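Visitor: pasted the sequence and its predicted model underneath.
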Amino acid sequence: MTQRVLVVGSDGYIGTQLCGRLQMSRAVLGIDTGFYADATLYAPSWEPPPTIRVDVRDVSERELVGFDAVVYLADLTDPLSQAFPRLADAINHLAAVRLASISKLAGVQRFVYSSSASVYGDSGMDIVDEDSPTRPLTPYAAAKLQVERHLGSLHDDAFTVVCLRNATV
């Protein structure tokens, strides 16, 4: 049986790359506002997945039923988060927490959250890991850390949560 994966933020820089790879072995559906659907950073050799054009804040539990995994990549970038902190909190923090919660209610088994190494701030260290202190310096980084903390409370035997602290792309 083929795994069904929902990629939220499928039109973004990471999302387009991830969807191309996932489609090789899984059924993929994207969710994205479509703001950047016509922007091409490169010429991928694959077709984008079918994509629902909806704001992440408006995704319903009904749209999540039947998926094995949800990958959350939808965020306003650090510069946009600094320019529009309330909007960024609504998307980067509140929408991510809400989507994870309704994913669990919908019976999704895995939730993969794309966090950021920005949660470390200026660590003063050459190498940081999950045990290093966090010092978010921007609204973007603070939201990422808030979401991580909330997601930890959702993890259980039926709902696996993975948080990836990616480097800035």
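Guide: Noted; the coordinates are in hand. Bear in mind that the values here come from a model prediction, so they are computed numbers and not experimental data. Numbering: from 1, shown residues only.
Visitor: what helix or strand is I102 located in?
Guide: Per DSSP states H and E, I102 falls inside helix 96-105.
Visitor: now that helix - C-alpha only, CSV.
Guide: What follows is helix 96-105, C-alpha atoms only, in CSV (Å, rounded to 0.1, in the frame of the first residue of the first chain):
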residue,chain,number,x,y,z
ALA,A,96,1.5,25.1,12.6
VAL,A,97,0.2,24.2,16.1
ARG,A,98,-3.4,24.0,14.9
LEU,A,99,-2.5,21.9,11.8
ALA,A,100,-0.5,19.4,14.0
SER,A,101,-3.4,19.1,16.4
ILE,A,102,-6.0,18.5,13.7
SER,A,103,-3.7,16.1,11.9
LYS,A,104,-3.7,14.0,15.0
LEU,A,105,-7.5,14.2,15.3
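Visitor: please work out the average pLDDT along it.
Guide: Averaging pLDDT along helix 96-105 yields 98.
Visitor: give me the buried positions along that helix.
Guide: Residues of helix 96-105 classed as buried by neighbour count (16 or more other Cβ atoms under 10 Å): A96, V97, L99, A100, S101, I102, S103, K104. The way it works is simple: take the backbone N, C-alpha and C, and place the C-beta from them, glycine included.
Visitor: thank you, goodbye.
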